[in-house]
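Engineer: Got a sequence here, can you model it:
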Amino acid sequence: MQHEDPEYQVQIGTPSVEDYRRLRDIAGLSSKSQEAAERGLPNTVYAATVQYQSNAVAMGRIIGDGGCFFQVVDIAVDPAHQGKGLGKIIVSRLVDYLQAEAPDGAYVSLIADGPAKYLYAKFGFRPVMPESIGMAIEIRRPSEYEM
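Structural biologist: Here you go, the predicted model:
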């Protein structure tokens, strides 16, 4: 899936640390430290970004063990470019990869925030409740300013 505007170009590959952190911040996702991004991004299974005039304006990644479990994460679109179908393009590329490369029986999960659940449902994702419930823990280290 491509965007009808040729100025939007899909690139397969992990975003740079700078683009990753910037897109998460401006899209309203939780901030990630430089260290966390530098450690985490090389472990990406698959990723896609949308470039507009040489700037990353949307992204999404797949993480996981490459066989049994995959998780779709970091779906983020620059607010100045929202409403143009970029999230749909990113999710389409990620799902295409999973359909082609994930083994039979692989479990693919994601956490849907707000109305994003409607986008993910278009690609076959379904709520797992009440049989299962997503749970999370966020690791926080005291900053030097809190000590």
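Engineer: so how far is the helix ranked longest in the chain from its chain's centroid?
Structural biologist: Here the longest helix in the chain is taken by residue count, with DSSP state H as the criterion, and it is helix 86-101. Shown here is helix 86-101, whose average C-alpha point lies 10 Å from the average C-alpha point of the whole chain (C-alpha atoms, centre = their mean, to the nearest Å).
Engineer: could you give the mean pLDDT of whichever helix or strand comes after that helix?
Structural biologist: Next helix or strand after helix 86-101 toward the C-terminus (DSSP states H and E): strand 107-110. On average, the pLDDT along strand 107-110 is 97.
Engineer: Renumber starting at 9 from here on
Structural biologist: Okay, using 9 as the starting number, the last item reads as strand 115-118.
Engineer: Grab the nearest non-local neighbour of residue 88.
Structural biologist: Sequence neighbours aside, residue 65 is the residue nearest to residue 88 in space, at 7.5 Å (criterion: C-beta to C-beta, 6 or more residues apart in numbering). In this view, the C-beta of every residue, glycine as well, is placed from N, C-alpha and C.
Engineer: Three-state assignment for that neighbour, please.
Structural biologist: strand (DSSP: H, G, I helix; E, B strand; the rest coil).
Engineer: That one is in contact with residue 35, isn't it?
Structural biologist: No: the criterion here is C-beta atoms under 8 Å, and residue 65 misses it with residue 35 at 9.9 Å.
Engineer: rewinding a little: please name the residues that touch the residue nearest to residue 88.
Structural biologist: 16, 31, 58-59, 85-86, 88-89, 94 (C-beta atoms under 8 Å, 6 or more residues apart in numbering).
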